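> this is a predicted model, with the sequence first.
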Amino acid sequence: MKTGDGTPGKSIPPAVPRRPLLAAAGLAPVLVGLGGDTAAQPAVTHGHGSGQPAESAPRPVSTSEADWVDVARALRRPGGLIRRTYHHTPFPRHDLHVVSGGVVVSPGLALGSHVSFARYDNGSTLMMGDLVVTAAEMPALTDALHAQGIAQTAIHKHLPAHTPDIWWTHVCAHGHDAAALARGLRTALDSTGTPPPHLPRPTRPLDLDTAGIDAALGATGTTSEDVHACVFVRRETIIEEGHVLPPGLGATSAFNFQPLGGGRAALSGDLAMVAAEVQDAHAALRRGGIDLVELHNHGLTDEPRLFFTHIWAEGDAVDLARAVRPAVAATNVVPATV
């Protein structure tokens, strides 16, 4: 395998336990030990790629659940802390009935709006997310995001031909008042039909060979929202908005398997690549019969520049995982860990 600069990379290591990074797949403005700068400041700023070396860029700091209480209150729902560095909040679109290729798409497969917050050693907060909206909702959401000073960094599709028409838009904002960022996002979401939180259903066994999927992909997956997911993170240090991203935030390859019966699954996935990896990964996916839905960027200022390809396939779940594995091996990633 080669890395983004063309040098030999490492093979994917054996599977390791991890915490889910997706809702299927977000919060106190005072960080412990940082003195609590909560003074009013310009709510949000967006920058261009800094070009600064990673070692001089602000870095994420460890937080606790107590550090994100005000953000959770502003978002009006709880989230979960991942690796003590960023807080992740899902907003699954349980209100939508989306069909793609005859498959009724579950929220966990591809309809999981979400947002994450990371705090930095300079006292600032970075907010990043991906929102699922209908075509009819998109204009009002776009206007609301801009009114709140939140940048849209991508607008694209995750699914092949589907009804109703759905769009995915990535968002990003940076400032010193985390709760203000959260309030801005909540205001924008209120322009859509995003439903309130619902009581989680007990996790139930899926009609899938999840152990076989994990073995084929070389990662330990997790089951939630009636979907089995395996996630990988880029090895490189990624800088966005001039700040080092926590591992797993904004730079993941994720593969979601929704059971269709008899061990078959619908696969919706997302592969994170640098430019030098794209063609090899695409060729590997097509050799495996995997459909390529869209190639695009998620951010505006990421360094190194990342490209994402969304994929779709239906078939025996373990066979699909085997088909995806060579494409994963063509990229500089490792299985996500706790």
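Yes, it's here. Numbers count the residues shown, from 1 in each chain.

> wait, doesn't Arg235 sit right on Pro335?
No: using Cβ atoms under 8 Å, Arg235 is not in contact with Pro335, being 11.3 Å away. Every residue, glycine included, has its C-beta placed from N, CA and C.

> between these two, which one's more packed in?
Counted by other Cβ atoms under 10 Å, Arg235 and Pro335 do not tie: Pro335 has more neighbours, with 23 against 16.

> what is the neighbour count of the closest residue to Pro259 other than its chain neighbours?
Distances taken as Cβ to Cβ, 6 or more residues apart in numbering put Asp207 closest to Pro259, at 4.4 Å, once the chain neighbours are dropped. The number of residues packed around Asp207, counting by other Cβ under 10 Å, is 12.

> cool, Gly80 as well?
17.

> any idea which helix or strand comes after the host helix or strand of Ala154?
Assessed by DSSP states H and E, Ala154 sits inside strand 151-156. Counting by DSSP H and E, the next helix or strand C-terminal to strand 151-156 is strand 162-163.

> so in that sheet, which strands flank that following strand, and in what orientation?
strand 98-100 (antiparallel) (DSSP bridges).

> quick one: name whatever helix or strand follows the partner strand.
With DSSP H and E, the next secondary element past strand 98-100 is strand 103-105.

> pull the residues that contact that following strand.
97-99, 111, 159, 162, 258, 260, 266, 268, 314 (Cβ atoms under 8 Å, 6 or more residues apart in numbering).

> and that strand, which residues are buried?
The neighbour-count check on strand 103-105 (16 or more other Cβ atoms under 10 Å) flags 103, 105 as buried.

> what's the average pLDDT for the helix or strand that comes right after it?
The helix or strand immediately downstream of strand 103-105 is helix 107-110, counting by DSSP H and E. Mean pLDDT, computed over helix 107-110, is 96.

> go on, stretch 85-99?
96.

> list the buried residues in that stretch.
So stretch 85-99, judged by 16+ other Cβ under 10 Å, has buried residues 85-94, 96, 98.

> ok, stretch 208-220 next?
So for stretch 208-220, counting by 16+ other Cβ under 10 Å, buried means 208-210, 212-220.

> which one of the residues you listed is nearest Gln279?
Lowest distance from Gln279 to those (Cβ to Cβ) belongs to Leu217, with 21.5 Å.

> residue ranges for the helices of this protein, please.
Under the criterion DSSP state H, the chain carries helices at the ranges 69-75, 107-110, 138-147, 178-189, 210-217, 278-287, 317-329.

> for these, give me TSV that also has distance to Leu131.
Converted to TSV, the helices of the chain look like this (distance: least, Cβ to Cβ, whole Å):
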stretch	distance to Leu131
helix 69-75	13
helix 107-110	13
helix 138-147	7
helix 178-189	7
helix 210-217	27
helix 278-287	25
helix 317-329	26
